[in-house]
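Asks: the sequence and its predicted three-dimensional model are supplied below.
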Amino acid sequence: MALFKRIFSKEKKEKLDKGLEKTKQSFFEKLGKAVAGKSKVDDDVLDELEEVLITSDVGVDTTLKIIDRIQARVAREKYLGTSELNRILREEIAALLAENEPERQKYTPENTKPYVIMVVGVNGVGKTTTIGKLAHKFRNEGKKVVIGAADTFRAGAINQLGIWAERTGAKLIKQKPGSDPASVAYDTLHHALHNDADIVLIDTAGRLHNKVNLMNELAKVKRVMQKLLPEAPHEILLVLDGTTGQNAYEQAKKFSEATDITALAVTKLDGTAKGGVVIGISDQLSVPVKYIGVGEGVDDLQEFDKFEFVDSFFH
């Protein structure tokens, strides 16, 4: 299929394959049991397949779409053997995700300087580590990076960002724990504008469970940055923990209601059998998955390519 012609570097593809191992193993184990002793894709097999997809955290709505597509193929092709099910599933999932191509972004790190990324997400999802890995990625591309430690409620987050800044050669802007997050964001952008920085990464508090508080806090951070740069932030990246499965999807929905999320990063996929959630999130949300975490190494935050993902899932 032409969909699979875009190939990562061999090393990245191997990391992706390895990172999805637990998900793949669990999925095909369930699928094998579902079709055991059956030679033909019929209603019973489709019912079993529906359960396999849902229990693999693909999500109900996306699962129903996939089942509908396979039913349509069964009707068209009259006879489909269970031996062909892997190929058909792979093709239909890839085709489904291909329909959800996001619009091209007006602002990108290539055409905007400084390019401001505000990073949001609840505590424990790997937000600070994701910022560190993004700093590493952009520094490797030769870009000048400034990090703003605007999650001022957690001294640990400020310290952790300090270690990442030192390790990657990024500049860290911070204040005392408990300071006003918007003030840190303002100082960070001010520094970036006056020091010819390419990328600005703003950490934000992850402990705001009340949606109104969250909205007000994030709106204030945006508002003060816009005094210096009217179009900032250019990207609002929501970090989700892949090990939480459908809870990650629910979090994404809640954050989308609280602020204008423009991109998603799904972390910790190597440690879970719930990687199917990426398929559901890609299909159900109008926000694109931009990065996935497939390991603890500094280079294990990969730019998400839905076709490579499906290819590794069924590889």
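Replies: Here it is on my side, so go on.

Asks: for the closest residue to residue 164 other than its chain neighbours, give me its contacts.
Replies: Of all residues beyond its chain neighbours, the one nearest residue 164 is residue 132 (3.2 Å), with distances taken as C-beta to C-beta, 6 or more residues apart in numbering. Yep, even glycine has a C-beta here, placed from its N, CA and C like the rest. Contact analysis of residue 132 by C-beta atoms under 8 Å, 6 or more residues apart in numbering lists 160-161, 163-164, 167-168, 298.

Asks: for residue 132, give its distance to residue 166.
Replies: As for residue 132, its distance to residue 166 is 10 Å (criterion: C-beta to C-beta, to the nearest Å).

Asks: likewise residue 253?
Replies: Separation of residue 253 from residue 166 (C-beta to C-beta): 36 Å.

Asks: between those two, which is the more surrounded one?
Replies: Taking neighbours as other C-beta atoms under 10 Å, residue 253 and residue 166 compare with residue 253 leading, 15 against 10.

Asks: contact partners of the helix or strand bottoming out on mean pLDDT in the chain?
Replies: For the chain, the helix or strand with the lowest mean confidence is helix 246-258, at a mean of 87 (criterion: mean pLDDT, DSSP states H and E). When contacts are defined by C-beta under 8 Å, 6+ apart, helix 246-258 is touched by residues 57, 59, 120-122, 211, 214-215, 218, 238, 240-242, 244, 261, 264, 266, 277, 280-281, 284-285, 287.

Asks: again, only this time at 6 Å
Replies: The set of residues external to helix 246-258 that reach it, using C-beta atoms under 6 Å, 6 or more residues apart in numbering, is 57, 211, 214-215, 238, 240, 261, 277, 280-281, 285.

Asks: in strands, which of these fall?
Replies: The strands, defined by DSSP state E, take in 238, 240 from those.

Asks: so where's the stretch 201-315 of the chain shaky on pLDDT?
Replies: Counting by pLDDT under 70, the stretch 201-315 of the chain contains low-confidence ranges at 207-210.

Asks: ok, which stretches of this structure are helices?
Replies: 10-19, 21-35, 43-55, 60-77, 85-98, 127-140, 155-168, 181-194, 211-228, 246-258, 277-284, 306-314 (DSSP state H).

Asks: okay, now the domains of the chain?
Replies: The chain breaks down into these domains under automatic domain parsing: 8-98, 115-314.

Asks: just these: most buried one?
Replies: Burial among the domains of the chain, expressed as mean neighbours by mean count of other C-beta atoms under 10 Å, is greatest for domain 115-314, which shows a mean of 20.

Asks: figure out the length between the terminal residues of that domain.
Replies: Start to finish, the residues bounding domain 115-314 are 36 Å apart (C-alpha to C-alpha, to the nearest Å).

Asks: what does stretch 34-49 give?
Replies: For stretch 34-49, the end-to-end distance is 7 Å (C-alpha to C-alpha).

Asks: can you tell me which residue sits nearest the middle of this structure?
Replies: Most central in the chain under C-alpha atoms, centre = their mean is residue 265, positioned 2.4 Å from the mean C-alpha point.

Asks: show me what contacts the closest residue to that residue other than its chain neighbours?
Replies: In space, and not counting its chain neighbours, residue 265 is closest to residue 291: 4.0 Å by C-beta to C-beta, 6+ apart. In this structure, residue 291 makes contact with 265, 301, 304, judged by C-beta under 6 Å, 6+ apart.

Asks: ok, residue 271 next?
Replies: With contacts taken as C-beta under 6 Å, 6+ apart, residue 271 has the following neighbours: residue 243.

Asks: what's the answer for residue 158, then?
Replies: If you count contacts by C-beta under 6 Å, 6+ apart, residue 158 has them with 149, 174.

Asks: hmm, try it at 8 Å
Replies: With contact set as C-beta under 8 Å, 6+ apart, residue 158 has these partners: 149, 151-152, 174, 177.

Asks: and it, how far from residue 228?
Replies: Relative to residue 228, residue 158 is positioned 22 Å away (C-beta to C-beta).
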